[in-house]
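Participant: requesting a structural model of the entry that follows:
(one chain, ligands or ions: 1)
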Amino acid sequence: MSSPLHSPQGNWWIAGVSVLEKTWIRISVVWCLLLFASMIVWASYGKQNQAGPTYRVSTAEFMQKVQDFKKAGTQTEDGIIPADEHVYVAAARFSFDGFPVVLEAGKQYQVHMSSYDVQHGLSIRPEHALSKQMSLQLLPDYEWVLPMKFDEPGVYHVVCNEFCGVGHRTMHGSFIVRR
Ligand SMILES: [Cu+2]
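Facilitator: Residues are numbered from 1 along each chain as shown. Modelled structure (predicted):
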């Protein structure tokens, strides 16, 4: 009787592989190949894929864009940014720039994002459903333009989800979505 508590006897290392073990190896190889092939399907049809183009941009250039966005006064009388408008937000150690952003529910916006220094995260969580979360990564020198639409009005908290230093936990922003 073989037990893991006792040393195996004889030339156990050249004993043939059992049929059961061979079958499981075959099944796992086929499964690996299937998953590998389905990456092509996910990449083509998956809804989880990153959307929107990314451009090279210098930190100074993007800082200017965010400042221009904040100064532009594109908000309507009730403080809401009109649909299809371009929104510029950035992350830096240890705060976000450009927030709070007031948008209209159900309308699409082109959100331009970047970082002024190191890699940061940008997680968006609705206050009314904190278990829902969208997590993005922001990189310095890249301007990422992502079309965004918030279906329901409310406050959507923005936090950094990429540890970026001692003040990481103080990084907050918000999208305020109104009807
Ligand atoms: Cu951070």
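
Participant: what's near enough to touch the most centrally placed residue in the chain?
Facilitator: Centroid check for the chain by C-alpha atoms, centre = their mean gives residue 136 as the closest residue, at 2.4 Å. Applying C-beta atoms under 8 Å, 6 or more residues apart in numbering, we find residue 136 in contact with 113, 121-124, 144, 146. C-beta: built from backbone N, CA, C; applies to glycine.

Participant: now, which of the residues you listed sits nearest the ion?
Facilitator: Nearest to the ion among those, counting by C-beta to the ion, is residue 121 at 6.2 Å.

Participant: packing partners of the helix or strand harbouring the closest one?
Facilitator: Per DSSP states H and E, residue 121 falls inside strand 120-126. Judged by 3 or more C-beta pairs under 8 Å, 6 or more residues apart in numbering; DSSP states H and E, the packing partners of strand 120-126 are strand 86-92, strand 134-138, strand 154-159.

Participant: quick one, which of these is packed in tightest?
Facilitator: Among the helices and strands packed on strand 120-126, ranked by average contacts under mean count of other C-beta atoms under 10 Å, first place goes to strand 86-92 (a mean of 23).

Participant: okay if I get the helices and strands packed on strand 120-126 as TSV plus distance to residue 18 and mean pLDDT?
Facilitator: Shown next, in TSV, are these (distance: least, C-beta to C-beta, whole Å; pLDDT from 0 to 100):
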stretch	distance to residue 18	mean pLDDT
strand 86-92	55	95
strand 134-138	45	93
strand 154-159	52	96
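
Participant: so which residues on the chain come close to the ion?
Facilitator: Selection of the chain residues close to the ion by C-beta under 5 Å from the ion yields 160, 164, 168.

Participant: who wins on neighbours among those residues?
Facilitator: Greatest neighbour count in the residues of the chain next to the ion, by other C-beta atoms under 10 Å, goes to residue 160: 27 neighbours.

Participant: could I get the full set of strands for this protein?
Facilitator: Under the criterion DSSP state E, the chain contains strands at 54-56, 86-92, 95-97, 101-104, 108-115, 120-126, 134-138, 142-149, 154-159, 172-178.

Participant: nearest to residue 69, out of the ones you listed?
Facilitator: strand 86-92 (3.9 Å; C-beta to C-beta).

Participant: just want the angle from that closest one to strand 108-115.
Facilitator: Counting by axes from the mean of the first three to the mean of the last three C-alpha atoms, to 10 degrees, strand 86-92 points 20 degrees away from the direction of strand 108-115.

Participant: partners of strand 86-92 in the sheet?
Facilitator: In the sheet, strand 86-92 lines up against strand 95-97 (antiparallel), strand 108-115 (parallel) (DSSP bridges).

Participant: could you dump those strands to TSV with mean pLDDT, distance to residue 88 and mean neighbour count?
Facilitator: Listed next are the strands paired with strand 86-92 as TSV, based on pLDDT from 0 to 100; distance: least, C-beta to C-beta, whole Å; neighbours: other C-beta atoms under 10 Å:
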stretch	mean pLDDT	distance to residue 88	mean neighbour count
strand 95-97	95	8	19
strand 108-115	96	5	22
